[in-house]
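1. build me a model from this:
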Amino acid sequence: MEPIDEWSVDANEALTLSLHSPSSGEELSTFHPKFTYPIFGESETIFGYRNLNVRLAFAADNMSPCLDVSWDKKKKPVGEVVAEDVEAILQEYLPEEAFKSDLKSFQNTLANFYVSFTPPGSLLNTSTHLDTTYEIWHANLSDPHCQDLLSRIQILILLFIEGGTFITLDDDEWSQKRWDIFFLYAKSPSNEYSFIGYSTVYRYYYFSPSVENLARARLSQFLILPPYQRQGHGSRFYDALIAHYLEDPATLEITVEDPSESFADLRDLRDLNRLQTGGAFKGLTLTAVSKKDFPLEAVRKAAKMPERQFARCVEMALLQDLQEKDGKKSDERKRKDRNWKMFRLVVKGRIYKQNRDTLAQLDRLERIDKLEETYFHVEDEYKRLLESVKNGRAIEDKEGIEKRANEEEEEEIDMGRPKKKARV
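-> Below you'll find the predicted structure:
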């Protein structure tokens, strides 16, 4: 009897995604998923085949999908041991149109029956970068055209975002209307669109006795396809979304669901850049902050930022200023320097306030050690981010946003060591 392992293939390698020209069917790019465990289980394997090739092709404009499955050999059933039905498994995650033809027929249809496409919703933003035009379209989930496009691309959330989940497309109308969907496209001189990525934002109702219809906008999903990563698209896309909600008088605050490490980096740097270049941090100094002479709360509310995220940007700006003035000082001199002491007190004060209940469980010396340890973790993180700015290295989203959580309720310090990737 042949070993069962010989019939197991790596799902991440077997599955190939591709984008195709909507007018010629020509293959534009191919890439593999980062995760397949939401579909094929924790082992991320598919049983019963040799040289299995699962091709998931998309028309680059409307993302119409085609699933083509082929193999060299399929294991014959032995009792209850049978090869997994790949198409049946994927039917839960793809619309019916994905199963209507093979790849060759799909490409021929694109080449012979091209129909011009316009993204759903309304045009929000147009920009040009390196002679290419990019457009951001803003739609609402209650729009059937938007639902059709989402039904085709939501599988990408499972394949590229850790802990990502589908949005319920057939939810009650009141809930649908609270979802804002943004699509990022490249547009050719011949008006042919190519999908780059998308983001979803849920507007939570905020009760106010004096103002009606206020909301907190929570960025839920954010994805740039692999062929377009590391090109600045994520930064420009994020900036445009934030600018949209800053201009919306009904939006009280802009928050983000539990982000991946790469997206958290992008968010930190883009928020810091916006606050600095927009003039919000004019007059921000350590002395002004420590003496409470700088209007932190007024600036935060105008920026529509959560307290924790705004505090991180303030601290990064203060550290950046310190480094520019005397960053070459030795660690020993920094420990004794008045300004560096003041900076440590600002950061530690915020960490203590954020984790008061947890720290209260420790005795005084343990509490001091824990604060010191966490402070240096935060300082190192800020230095890494500021170094990327100094050296001109692009921070670009790779993983998007993860599972849903309230970022202001995270417990940053536990009774053991601080988590390596925790954002404090």
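2. the longest strand in the chain is where?
-> In the chain, with assignment by DSSP state E, the single longest strand is strand 193-206.
3. partners of that strand in the sheet?
-> Using DSSP bridges, the strands paired with strand 193-206 are strand 179-187 (antiparallel), strand 214-224 (antiparallel).
4. nearest to V256, out of these?
-> Proximity to V256 (CB to CB) singles out strand 214-224 among those, at 4.5 Å. C-beta here means a position set from N, CA and C on the backbone, and glycine is covered the same way.
5. starting at the chain centroid, how far to that closest one?
-> The chain centre lies 10 Å from the centre of strand 214-224; the measure is CA atoms, centre = their mean, to the nearest Å.
6. mind listing the helices for the stretch 51-200 of the chain?
-> 86-90, 103-112, 144-153, 155-160, 173-176 (DSSP state H, counting those that start in this stretch).
7. next secondary structure after the lowest-mean-pLDDT helix or strand in the chain?
-> Lowest on mean pLDDT, DSSP states H and E among the helices and strands of the chain sits helix 331-336, with a mean of 69. Toward the C-terminus, helix 331-336 is succeeded by helix 338-354 as the next helix or strand (DSSP states H and E).
8. what are the buried residues along that following helix?
-> N339, W340, F343, R344, V346, V347, K348, R350, I351, Y352, Q354 (16 or more other CB atoms under 10 Å).
9. for Y238, what are its contacts?
-> Contacts here follow CB atoms under 8 Å, 6 or more residues apart in numbering; on that basis Y238 touches F222, L266, R267, R270, D397.
10. from those, list just the buried residues.
-> Buried residues within the contacts of Y238, counting neighbours by 16+ other CB under 10 Å: F222, L266, R267, R270, D397.
11. most widely separated two among those residues?
-> Using CB to CB, the buried ones among the contacts of Y238 span at most 11.7 Å, a distance reached by F222 and R270.
12. want to try CSV for the strands paired with strand 193-206, with distance to E26 and mean pLDDT as columns?
-> Converted to CSV, these look like this (distance: least, CB to CB, whole Å; pLDDT from 0 to 100):
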stretch, distance to E26, mean pLDDT
strand 179-187, 16, 98
strand 214-224, 22, 96
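13. can you map out the strands along the chain?
-> Using DSSP E, strands in the chain cover 8-10, 15-20, 27-31, 45-47, 49-50, 53-59, 65-70, 73-74, 122-129, 132-140, 179-187, 193-206, 214-224, 251-256.
14. count of residues packed around T277?
-> Residues near T277, counting by other CB atoms under 10 Å, number 9.
15. tell me what angle the helix ranked longest in the chain forms with helix 338-354.
-> Longest helix in the chain, counting residues (DSSP state H): helix 364-390. Interaxial angle of helix 364-390 relative to helix 338-354 (axes from the mean of the first three to the mean of the last three CA atoms, to 10 degrees): 110 degrees.
16. returning to what we had before: need the helices of the stretch 51-200 of the chain in a markdown table with mean pLDDT and distance to S208, can you?
-> As requested, the helices of the stretch 51-200 of the chain are exported to a markdown table (pLDDT from 0 to 100; distance: least, CB to CB, whole Å):
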| stretch | mean pLDDT | distance to S208 |
| --- | --- | --- |
| helix 86-90 | 97 | 45 |
| helix 103-112 | 97 | 50 |
| helix 144-153 | 98 | 29 |
| helix 155-160 | 97 | 33 |
| helix 173-176 | 92 | 19 |
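17. so which of those gets nearest F58?
-> helix 144-153 (7.3 Å).
18. list the buried residues of the closest one.
-> For helix 144-153, using 16+ other CB under 10 Å, the buried residues are C146, Q147, D148, L149, L150, S151, R152, I153.
19. which one of these is nearest to T36?
-> Nearest to T36, judged by CB to CB, of the buried residues of helix 144-153 is I153 at 16.5 Å.
20. measure Q323 to L386 for me?
-> Q323 is 7 Å from L386, where distance means CB to CB, to the nearest Å.
21. so for those two, which residue has more residues nearby?
-> Taking other CB under 10 Å, Q323 and L386 do not tie; L386 has more neighbours (20 against 16).
22. could you pull up the contacting residues of the more buried one?
-> Contacts of L386 (CB under 8 Å, 6+ apart): M316, L319, Q320, Q323.
23. stretch 227-241: how far from the chain's middle?
-> That offset, for stretch 227-241, works out to 10 Å (CA atoms, centre = their mean).
24. could you export that stretch as CSV, CA atoms only?
-> Below are the C-alpha coordinates for stretch 227-241, written out as CSV (Å, rounded to 0.1, in the frame of the first residue of the first chain):
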residue,chain,number,x,y,z
PRO,A,227,1.6,42.0,-7.7
TYR,A,228,1.0,45.6,-6.6
GLN,A,229,2.6,45.5,-3.2
ARG,A,230,5.8,47.4,-2.3
GLN,A,231,4.9,50.2,-4.8
GLY,A,232,3.3,52.7,-2.5
HIS,A,233,-0.3,51.8,-3.3
GLY,A,234,-1.2,50.9,0.2
SER,A,235,0.0,54.2,1.6
ARG,A,236,-1.8,56.3,-1.0
PHE,A,237,-4.9,54.2,-0.6
TYR,A,238,-4.9,54.6,3.2
ASP,A,239,-4.3,58.3,2.9
ALA,A,240,-7.3,58.8,0.6
LEU,A,241,-9.6,56.8,2.9
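25. buried set for stretch 159-178?
-> Applying 16+ other CB under 10 Å to stretch 159-178 flags L159, F160, I161, E162, G163, G164, I167, Q176, R178 as buried.
26. got phi/psi on the fourth one?
-> Per-residue torsions, E162: phi -60, psi 120 (degrees, to the nearest 10).
27. so it sits against S262, correct?
-> No. When contacts are counted by CB atoms under 8 Å, E162 is not listed as touching S262 (10.6 Å).
28. contacts only, for D363.
-> Counting by CB under 8 Å, 6+ apart, D363 touches no other residue.
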